[in-house]
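1. predicted model follows, preceded by the sequence.
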Amino acid sequence: MSPSREPEPAGAEADGIALPSSPQVLAVEDDAGMRRLITRILQEHGFRVTGARNGQEMWETLERLPIDLVLLDVMLPGTSGMDLCRALRARSAIPIIIVTARGSETDRVLGLELGADDYLPKPFSGAELVARIRAVLRRSRMAAAEPPVPGGRRLHFAGRTLDLARRELTGPQGAAVDLSGAEYDTLLAFLEHPHRVLGRDHLLELSRNRLGDVSDRSVDVLVSRLRKKIETDTAEPPMIKTVRGAGYMFVPDVTRS
Amino acid sequence: MSLHPAWPRSLAGRTLLLLLATALVVYLGGVVAYRLLAQDAAERSRLAQIADRLDTAMNTLSELPPPERNGAARALSSASFRATWSATSLVDDASADDPSLQNLHQRLTELAPQLDGRPIHLRWDEHAFAGTQSVLLGAAQLNDRSYVVFSAAIIPTAIPSLPSTIFVASLVFVSIIVVAVFMLHAMNAPLRRLAEAADRYGRDHPVILPERGPREIVQAERAFNAMQRRIQRLIADRTQALAAVSHDLRTPIARLRLRCGLMADDSVRADCERDLAEMEAMVEATLAYLRGDDDIEPPRLTDIAATLATLVDDAVDAGHQATLTGPTHAAVMLRSVSMKRALANLVDNAVGYGGCARVALEQTPSDLWITIDDDGPGIPDADMPHVFEPFHRLDASRNRGTGGVGLGLTIARQVIEREGGSLHLFNRLGGGLRAEIRLPART
């Protein structure tokens, strides 16, 4: 994975929704070294960054500055990061990315259920950090730009359920189906736009948020992997239809609850 | 110390043997003592009777005129003591050659003082042997130098016959065995409990023994419990230290990961990132291993085929050769996150040491089988028994810098066995290693 050095990568506006020129990120992190590094890396990628050492500083900064996204380390001393996440979500719809310990499933699920938009397992690379922040910002802009979709955080299709809070797909028998990060993002894009052709470029841009370097071909690989995970062996009609020369279309109806 | 093969090996057997030997000694001693004492008592009372009758006969006859003496003597006779009167002795004294007669003589004179000093002739009636009875013939001189002649049976002690001795002895022994077997079983129960607990220790959760039973056993149980507690404390201290170090390493590793991104030289950066990934894997493996059973993840229905697909796809994306065959969906009840970690360890081993990973999934009504084959050199037979030991690593020449702290297989087995499954490794006949996982098909 190689971090891109230019302030804004080409193709960031591929979906037609522009990010503000320099989003303001609030990094809540108790370790001074980490805070400095995160600040420096994000600044190099065109973000404005404010650091906060704890919950109190976070609240103060939120009152002082218009913040576009909060990067919240849940392994904070004093007030638990989880409590901060809950309190923050109760007050505002500001995008939150929680930083969890790698391998701590409990933190991840709890954080997402408490309203975080995404999670970043520590340790992470600069490229992962930048890609994840961009993806979350883009999704929140899209959600703001589109008419609000009624319903909750669970999407149902063909007997399957995608739980957005837990980032979890369950199959027709209720079995949890493991998805890679890129597969999840791709499936979510399909579920948010059923019966619509999604271009390869759009999907490519989505997966660029996860993978460092993706080609046109790897979008096809990604879709074929996703098909295997959501479709059954029996000869039912495919859920993801290939539209020659255009891209892919998600066929089943999607409902929210 | 070499013992006779017939020597019982169990404590119960030895105790039983000891009991029986003691009982035998006590019984035989009892028989002998009983015989001696009973014989003695019977003889004493019989002699007292004879002395008494003889005394009476002598007193009566000496006061009667001679013509009446025969009649009186007959009147005084009974089956066990016959007396007659005679002017002469009629009995040849044999006591000079027979110590038993001398002994009788002495005891009679002790019992009947008036006999003292009088000539008494004693002999055994050789013609009157009847069974085990002996008949004593005697003549005691009266004052007028005539004699009271008597014959008396001396009834020897009833001696128990050999068969009845054996019968009674067997009865006693069988009773002892029956009682002892129950008693010893009960007495040895705490000892067995202790042995079982000691055997389980280290493989299972520590077992604190109830401290009851005989005093010596209670002491052993108390010592065992104390030892367990000391070991637990020691392990807990070390575990905490290791966990603390591993945990604290995360922050510097996280900082280094970010700093790597700032490096100008791409090849140096790639090397650093690889080293960091390795360090991170070590820390995570150590923490995962130490977390062990404390993991609070609940079991849930999981599509294990999808999990395997993710792992195989990840390996392919990382530039390895990996394939998956079998059904595309297979639901099973398990702790999905830890199981994914276990399977990832096995796939990583296959691509790291074996050059490739051929994963196959198979479903039977009762079980789910996952095999992971590689084309590597396999594991030398000498190393096989140790591969699951924590922190065990195959020799450095085979460790191609893929890192790890030797916990991958330990964690994999820990996780799989917690689901009631099993993990086996073996070298395939044509070469290469196979990891075979069986999981119970719970849904």
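-> Perfect, I can see it now.

2. how far away is whatever residue of the stretch 151-300 of chain B ends up closest to chain A from A:Leu42?
-> Closest residue of the stretch 151-300 of chain B to chain A, CB to the nearest CB: B:Gly261 (3.2 Å). In this view, the C-beta of every residue, glycine as well, is placed from N, C-alpha and C. Distance of B:Gly261 to A:Leu42, computed by CB to CB, to the nearest Å: 11 Å.

3. more neighbours: which of those two?
-> Of the pair B:Gly261 and A:Leu42, B:Gly261 is the one with more neighbours under other CB atoms under 10 Å in any protein chain shown, namely 24 against 21.

4. phi and psi next, for the more buried one.
-> Per-residue torsions, B:Gly261: phi -60, psi -20 (degrees, to the nearest 10).

5. okay but the residue of the stretch 151-300 of chain B closest to chain A is in contact with A:Pro123, surely?
-> No. In terms of CB atoms under 8 Å, B:Gly261 does not count as a neighbour of A:Pro123; the distance is 11.3 Å.

6. report the closest residue of chain A relative to chain B.
-> For chain A, CB to the nearest CB, closest residue to chain B: A:Gly126, 3.2 Å.

7. can you verify my assumption that that residue contacts B:Arg255?
-> No. Counting by CB under 8 Å, A:Gly126 sits too far from B:Arg255 to count as a contact (11.5 Å).

8. pick out whichever of those two has more residues nearby.
-> A:Gly126 (24 against 18).

9. give me the buried positions along the host helix or strand of B:Arg274.
-> Secondary structure assignment for B:Arg274, by DSSP states H and E: helix B:266-291. By neighbour count with 16 or more other CB atoms under 10 Å in any protein chain shown, helix B:266-291 contains the buried residues B:269, B:272-273, B:276, B:279-290.

10. which SS state does A:Val49 fall under?
-> Going by DSSP: H, G, I helix; E, B strand; the rest coil, the secondary structure assigned to A:Val49 is strand.

11. is it true that it touches A:Leu37?
-> No. Checked against CB under 8 Å, the pair A:Val49 and A:Leu37 is beyond contact range at 10.7 Å.

12. the two: which is more packed in?
-> Set side by side, A:Val49 and A:Leu37 give different neighbour counts by other CB under 10 Å, the larger being at A:Leu37 (23 against 19).

13. for the more buried one, give its distance to A:Ala189.
-> Looking at A:Leu37 against A:Ala189, where the rule is CB to CB, the gap reads 31 Å.

14. contacts only, for B:Gly30.
-> Taking CB atoms under 8 Å, 6 or more residues apart in numbering or on different chains as the contact definition, B:Gly30 lies against nothing.

15. report pLDDT for it.
-> In this model, B:Gly30 is scored at 80, pLDDT.

16. get me the contact residues on the stretch 101-250 of chain A for chain B.
-> With CB under 8 Å from any CB of the partner chain as the criterion, the stretch 101-250 of chain A meets chain B at residues A:101-103, A:105-106, A:122-127, A:129, A:171, A:173-180, A:183, A:225, A:228-229, A:231-233.

17. out of those residues, which are inside helices?
-> In helices, judged by DSSP state H, the following of these are found: A:Glu105, A:Thr106, A:Gly126, A:Ala127, A:Leu129, A:Glu183, A:Arg225, A:Lys228, A:Lys229.

18. mind checking how far the last one is from A:Asp178?
-> Spatial separation of A:Lys229 from A:Asp178 under the definition CB to CB is 8 Å.

19. find residues that contact each of these two.
-> B:Asp303, B:Ala306, B:Ala309.

20. please determine how far A:Tyr248 is located from A:Met239.
-> Separation of A:Tyr248 from A:Met239 (CB to CB): 10 Å.

21. these two - which one has more neighbours?
-> Under the neighbour definition other CB under 10 Å, A:Tyr248 and A:Met239 were set side by side, and A:Tyr248 has more, 24 against 20.

22. SS state for the more buried one?
-> For A:Tyr248, the secondary structure call by three-state DSSP comes out as strand.

23. identify the residues contacting it.
-> A:Tyr248 makes contacts with A:Phe190, A:Val197, A:Leu198, A:Arg200, A:Leu203, A:Val223, A:Ile240, A:Lys241, A:Thr242, as judged by CB under 8 Å, 6+ apart.

24. among those, which ones are buried?
-> The neighbour-count test (16+ other CB under 10 Å) applied to those identifies A:Phe190, A:Leu198, A:Arg200, A:Leu203, A:Val223, A:Ile240 as buried.

25. filter the buried residues of helix B:266-291 down to the ones close to chain A.
-> Filtering the buried residues of helix B:266-291 for neighbours of chain A using CB under 8 Å from any CB leaves B:Glu273, B:Leu276, B:Glu280, B:Glu284, B:Leu287, B:Ala288.

26. dump the residues you listed into CSV; add pLDDT as well.
-> What follows is those, written out as CSV (pLDDT from 0 to 100):
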residue, pLDDT
B:Glu273, 86
B:Leu276, 88
B:Glu280, 85
B:Glu284, 81
B:Leu287, 81
B:Ala288, 78
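
27. how many residues are close by A:Cys85?
-> Residue crowding around A:Cys85 was assessed by other CB under 10 Å; the count is 23.

28. equivalent analysis for B:Pro67, please.
-> Burial measure for B:Pro67: 7 neighbouring residues, criterion other CB under 10 Å.

29. checking my notes, it in a strand, right?
-> No. When the secondary structure is assigned by three-state DSSP, B:Pro67 falls in helix instead of a strand.

30. taking the stretch 301-443 of chain B, what residue is nearest to chain A?
-> Counting by CB to the nearest CB, the stretch 301-443 of chain B gets nearest chain A through B:Ala331, at 3.6 Å.

31. quick check: bridge partners of that residue?
-> According to DSSP bridges, the partner residues bridging B:Ala331 are B:Asp303.

32. let's see which of the buried ones among the contacts of A:Tyr248 end up in helices.
-> Using DSSP H to define helices, the subset of the buried ones among the contacts of A:Tyr248 located there is A:Phe190, A:Arg200, A:Leu203, A:Val223.

33. hang on, the first one packs against A:Ile240?
-> In this case it means A:Phe190. Yes. Contact criterion CB under 8 Å: A:Phe190 and A:Ile240 qualify, at 6.7 Å.

34. please enumerate the strands of the chain.
-> This is for chain A. Taking DSSP state E, the strands of chain A run over residues A:24-28, A:48-52, A:69-73, A:96-101, A:118-122, A:154-157, A:160-163, A:168-170, A:176-177, A:197-199, A:240-243, A:247-250, A:255-256.

35. if you could check chain B rather than the one you did, that'd help
-> B:81-86, B:120-124, B:134-141, B:147-154, B:300-303, B:321-325, B:331-334, B:356-363, B:367-373, B:422-427, B:433-440.
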